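S.K.: Have a look at this fold, sequence not included:
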């Protein structure tokens, strides 16, 4: 099973593709989609839409997993991330990908065993679980890999959270 994990954002959207073959996890690709600052939001969302389409065309994942939005004190940031999540979910639905969503706490719990782990703990566990030589960078890509690993963990136990 090839899982596309996504950590959505308007400026940077992280993605990570992880293949699961029994107990073995294999990193296929990871990185970020960046949209230029000072570009109108609508244009940034179109760029995100187009680049997600290209990513799916290139790797043809079996399923997708998206990190759920958590609340910030900055309403503008929350709104922009919500819009990016909406575009992400639209692309995934249009492409027929079954999509599951996980809270940051669920992702941390699945990857590190502790729902309140910090970013460095998550990155180190992602590195170890995927047998990477270095910590995955940037943080958004590491987070997306963690979302994909979380989905694989939930799927193994029959508790994946499909939202589509």
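M.R.: Received, thanks. Note that the structure is a prediction, hence the values are computed from the model and not measured.
S.K.: By mean pLDDT, which helix or strand of the protein comes out lowest?
M.R.: helix 75-94 (a mean of 89; mean pLDDT, DSSP states H and E).
S.K.: Next up, phi/psi of the residue of the chain most remote from its centre, please.
M.R.: Most distant from the centre of the chain: residue 38, at 24.4 Å, with distances by Cα atoms, centre = their mean. Per-residue torsions, residue 38: phi 60, psi 20 (degrees, to the nearest 10).
S.K.: about what we covered before: residues in contact with the least confident helix or strand of the chain: which ones?
M.R.: Residues from elsewhere that reach helix 75-94 (Cβ atoms under 8 Å, 6 or more residues apart in numbering): 6, 8-10, 13, 41, 45, 48-49, 52-53, 56, 64, 66, 69, 71-72, 99, 163-164. From N, CA and C alone the C-beta is placed, and that goes for glycine too.
S.K.: One more: stretch 55-62?
M.R.: Among residues not part of stretch 55-62, those counted as contacts by Cβ under 8 Å, 6+ apart are 1-4, 15, 17, 28-29, 33, 91-92, 95, 97.
S.K.: Next, residue 6: secondary structure please.
M.R.: Using DSSP: H, G, I helix; E, B strand; the rest coil, the secondary structure recorded for residue 6 is strand.
S.K.: distance of it from residue 55?
M.R.: Distance of residue 6 to residue 55, computed by Cβ to Cβ, to the nearest Å: 9 Å.
S.K.: which one of those two has more residues nearby?
M.R.: Each of residue 6 and residue 55 has its neighbours counted (other Cβ atoms under 10 Å); residue 6 has more, 29 against 20.
S.K.: Check which helix or strand the closest residue to residue 31 other than its chain neighbours maps to.
M.R.: In space, and not counting its chain neighbours, residue 31 is closest to residue 141: 5.4 Å by Cβ to Cβ, 6 or more residues apart in numbering. Assigned by DSSP states H and E, residue 141 belongs to helix 139-156.
S.K.: picking that back up, what's the overlap in contacts for residue 6 and residue 55?
M.R.: By Cβ under 8 Å, 6+ apart, the residues touching both residue 6 and residue 55 are residue 15.
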